[in-house]
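A.B. asks: Model the following, please.
(3 chains)
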Amino acid sequence: MPEVKILDEVCKGCGLCCDDVCPVDILILAPDRINSSGYHPAMITDMEKCKACGFCYMVCPEPAIEVYK
Amino acid sequence: MKKIFSRPEGLTDTLMRYCPGCGHGIVHRIVGELLIELDIRERTVGIAPVGCSVFADEYFNCDMIQPPHGRGPAVSAGIKRARPECIVFSYQGDGDLASIGTAEIIHAAARNENITVVFINNAIFGMTGGQMAPTTLPGMKSTTSQKGRDVRKQGYPMKVCEMLASLDGPYYLERCAVDTVKNVIKTKKALKMAFQNQLDDKGFCLIEVLSMCPTGWGQTPVQAKKWIGEVMSAYYPLGVYRDRSKEAK
Amino acid sequence: MAEKKLMYGNHAIVEGVIAAGCRFFAGYPITPQNEIPESMSVRMVDEGGVFIQTESEIAAINMLFGAAAAGKRAMTSSSSPGISLMQEGISYIAGADIPVLVVNIVRGGPGLGNIAPAQSDYYQSTRGGGHGDYFTITLAPNSAQDLYEFPKLAFELAEKYRNPALILADGLLGQMMEAVEFSFEPIDPKSLPEKEWALCGCKGRERRVVRSYDLKQGRLEELNLRRAEKYTTIRKDEQRFKDEYCDDADLVVIAYGTSSRIASAAVRMARQKGLKVGLLRPITLWPFPTDVLADMSKRIENFLVVEMSCGQMIDDVKLATECRSNIHFHGRPGGGVPIPSEILEKIEAVLGGAR
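C.D. replies: Next up, the predicted model:
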């Protein structure tokens, strides 16, 4: 089963991966959590739906996303 | 479980200090991947510009040089001619390439220097705080065009691909964008071709990338990527402006 | 004896540069140095080197930056207005500790000036020239033979100290024909050692970065202080000069380059008249031969500085002699070239009845 890891401390919470990128729409910015730089990092809402397409990684400027399959 | 997407070895471990949602990081990641995929990291010399991406010399995991503002193409030519076995890329923003370095880029293209140019067009001076760039759109607000760029007083934007395409010299010119997944994939394809052409000794290749500057534009990252699709790429049409491999056929 | 050939000064530079193992030239046409790129366009290519006629002097100096950062001996030549344009690049090159050779065939200025020989770029050459705390090693030839030999010396000094080096000549030296003896064995570029800082791809080693900037707190200060130590060493170890008839002199004429040749004739005329006059010819303008002058000023009462300018080197003479002697001046700016008799007149005026 695919897995997506968000590197919380690398993520700047830009939200590019959360807007119209994920085909199964499982990325949001964590509403109740901030990293040490003060950003709300991205998070996965339902890992089971992930298809490991890597689109979130491709639009991530840091990149703060790792995709496993 | 196998890692299929992660920070490429073509980038150093240094975390990039660009603003949230800045397009530079996406293009850095693509170049970093290509250094590995084309197996050229150990023979590459990269050129960092002056501007936000001046720090590119800390981010690309290859030999790097940081020359004066706009002079990247001249420095690239010097390195490439002195060491033809090296792969040389010049990474430049729009202030660097289309303003202060206009002469250097035009003549490097006219001489068909066998180098790869990565040109980030975000229509603004980012590093210095959002001033008008040669690529700032008509009517677009910046800190030095606060009522919007008045073309009667501040002139019209520079369309770099179109301008260079008027020369016989360049081998390959393409304008891409990093606003959508599809366009990011296209950008990588174009950059791969630009490096491959250098490996094949074809000559001057420039890939222009329309890139988000949410801070400079006063937009959220999501607004910024949408603005590229809706406004910026209407003024700067995406596409191939020169492909001499096709002309030869 | 080594082969001798009658040649233009500008052509002597070209042969000297090639004999020094340099295979990279980038430059832009400007009078009175055009014989250099013209000859380079043939000779460099013959020798398997790189010749690029650039779009500007700005591009030329930056191509040197690239080629030299890649570890190759690289040179450009220009004349005063072109050298002004190069100052940005020279500052970056100095700030990145990269050795290059820049030849300035000086012409009259400021501005477009004229194309006559001049020495009015002394300040620019010896005070860094561009922005920031740096100096460029500056050699002043006064013959076609020097023009053949100095490129090798300039590259050696530039590489030893990882610093840009200049050769400061003028249109008179460049366009004059003289016998040149090919006095040293030409260097095979392949025999030059690889530099441990050169950019050439990071195979089998850590990646390298060449840059002049550092934003980390205190780091640039540290780098500048380290560079200042380098400059102190150069000042101590690399002062070069030639002197004639100075041992018993009442007056010593100080002149470099073209004016030192003319001053030499004036000094011999003075000697024929029984005047005890000597000549000190600085060969390195930076580092300036301060030590010998400081020493001379303890016994010599009068110095006469002769320059083809309104007086620039005279400042260094004053600094070196620390008010112990009288410093006189004869200058011909804007492309004027002194003749021996006018220098002699000045010598006689200074010495007055002192004979």
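
A.B. asks: residues touching residue C:50, list them.
C.D. replies: B:81, B:82, C:23, C:24, C:25, C:26, C:44, C:67 (C-beta atoms under 8 Å, 6 or more residues apart in numbering or on different chains). C-beta here means a position set from N, CA and C on the backbone, and glycine is covered the same way.

A.B. asks: what sits opposite it in the beta ladder?
C.D. replies: residue C:24 (DSSP bridges).

A.B. asks: Next one: it from residue B:112, what distance?
C.D. replies: As judged by C-beta to C-beta, to the nearest Å, residue C:50 and residue B:112 stand 15 Å apart.

A.B. asks: Now for residue A:4, how many residues are close by?
C.D. replies: The tally of other residues near residue A:4 (other C-beta atoms under 10 Å in any protein chain shown) stands at 22.

A.B. asks: Is it correct that it falls within a strand?
C.D. replies: Yes. Counting by DSSP: H, G, I helix; E, B strand; the rest coil, residue A:4 is part of a strand.

A.B. asks: ok, now which ones touch the residue in chain A positioned nearest to chain B?
C.D. replies: Residue of chain A nearest chain B, by C-beta to the nearest C-beta: residue A:61 (2.8 Å). By C-beta under 8 Å, 6+ apart, the contact set of residue A:61 is A:12, A:14, A:16, B:16, B:18, B:20-26, B:29.

A.B. asks: Could you find the closest non-adjacent residue to it?
C.D. replies: Residue nearest to residue A:61 in three dimensions, not counting chain neighbours: residue B:25, with 2.8 Å by C-beta to C-beta, 6 or more residues apart in numbering or on different chains.

A.B. asks: Other residues contacting the worst-scoring helix or strand of chain B on mean pLDDT?
C.D. replies: None of the helices or strands of chain B scores lower by mean pLDDT, DSSP states H and E than helix B:244-248, at a mean of 85. Here helix B:244-248 makes contact (C-beta under 8 Å, 6+ apart) with B:170, B:171, B:172, B:202, B:203.

A.B. asks: And that helix, what's buried?
C.D. replies: residue B:244 (16 or more other C-beta atoms under 10 Å in any protein chain shown).

A.B. asks: roughly how far out does that helix sit from the chain middle?
C.D. replies: Centroid separation for helix B:244-248 versus its chain: 23 Å, with C-alpha atoms, centre = their mean, to the nearest Å.

A.B. asks: From what I see, residue C:258 and residue C:306 are in contact.
C.D. replies: No. Judged on C-beta atoms under 8 Å, residue C:258 makes no contact with residue C:306 at a distance of 10.1 Å.

A.B. asks: Look up how far residue B:211 lies from residue B:140.
C.D. replies: Residue B:140 is 15 Å from residue B:211, by C-beta to C-beta.

A.B. asks: Look at the two and report which has more neighbours.
C.D. replies: residue B:211 (29 against 20).

A.B. asks: okay, the nearest residue to that one once chain neighbours are set aside: pLDDT?
C.D. replies: Nearest non-adjacent residue to residue B:211, counting by C-beta to C-beta, 6+ apart: residue B:23, 2.9 Å away. Note on residue B:23: pLDDT of 98.

A.B. asks: OK, contacts around whatever residue of chain B ends up closest to chain A?
C.D. replies: Residue nearest to chain A within chain B: residue B:25 (2.8 Å; C-beta to the nearest C-beta). Contact analysis of residue B:25 by C-beta under 8 Å, 6+ apart lists A:60, A:61, A:62, A:63, B:16, B:18.

A.B. asks: Around chain B, pick out the residues from chain A.
C.D. replies: A:3, A:10, A:12-16, A:19, A:21, A:39, A:52, A:54-55, A:57-63, A:65-69 (C-beta under 8 Å from any C-beta of the partner chain).

A.B. asks: ok and the residue in chain A nearest chain C?
C.D. replies: Counting by C-beta to the nearest C-beta, chain A gets nearest chain C through residue A:37, at 18.9 Å.

A.B. asks: Tell me which helix or strand that residue sits in.
C.D. replies: If you go by DSSP states H and E, residue A:37 is not part of any helix or strand.

A.B. asks: shouldn't it be in contact with residue A:12?
C.D. replies: Yes. Using C-beta under 8 Å, residue A:37 is in contact with residue A:12, at 7.1 Å.

A.B. asks: ends of stretch C:248-265, how far apart?
C.D. replies: Start to finish, the residues bounding stretch C:248-265 are 18 Å apart (C-alpha to C-alpha, to the nearest Å).

A.B. asks: Spell out which parts of the stretch 51-200 of chain C neighbour chain B.
C.D. replies: Checking the stretch 51-200 of chain C against chain B by C-beta under 8 Å from any C-beta, the hits are C:52, C:54-56, C:58-60, C:62-72, C:74, C:88-89, C:92, C:96, C:199-200.

A.B. asks: same thing but at 6 Å, please
C.D. replies: Within the stretch 51-200 of chain C, the positions adjacent to chain B are C:55, C:59, C:62-63, C:65-67, C:69-70, C:72, C:88, C:92, C:199-200 by C-beta under 6 Å from any C-beta of the partner chain.

A.B. asks: ok, so of these, who is nearest residue B:207?
C.D. replies: In terms of C-beta to C-beta, no member of these lies closer to residue B:207 than residue C:66, at 20.6 Å.

A.B. asks: picking that back up, Serialize the contacts of residue C:50 to JSON lines and add fields for neighbour count, distance to residue B:131 and pLDDT.
C.D. replies: What follows is the contacts of residue C:50, written out as JSON lines (neighbours: other C-beta atoms under 10 Å in any protein chain shown; distance: C-beta to C-beta, whole Å; pLDDT from 0 to 100):
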{"residue": "B:81", "neighbour count": "25", "distance to residue B:131": "34", "pLDDT": "98"}
{"residue": "B:82", "neighbour count": "27", "distance to residue B:131": "35", "pLDDT": "98"}
{"residue": "C:23", "neighbour count": "22", "distance to residue B:131": "42", "pLDDT": "98"}
{"residue": "C:24", "neighbour count": "28", "distance to residue B:131": "37", "pLDDT": "98"}
{"residue": "C:25", "neighbour count": "30", "distance to residue B:131": "38", "pLDDT": "98"}
{"residue": "C:26", "neighbour count": "29", "distance to residue B:131": "32", "pLDDT": "98"}
{"residue": "C:44", "neighbour count": "21", "distance to residue B:131": "42", "pLDDT": "97"}
{"residue": "C:67", "neighbour count": "31", "distance to residue B:131": "33", "pLDDT": "98"}
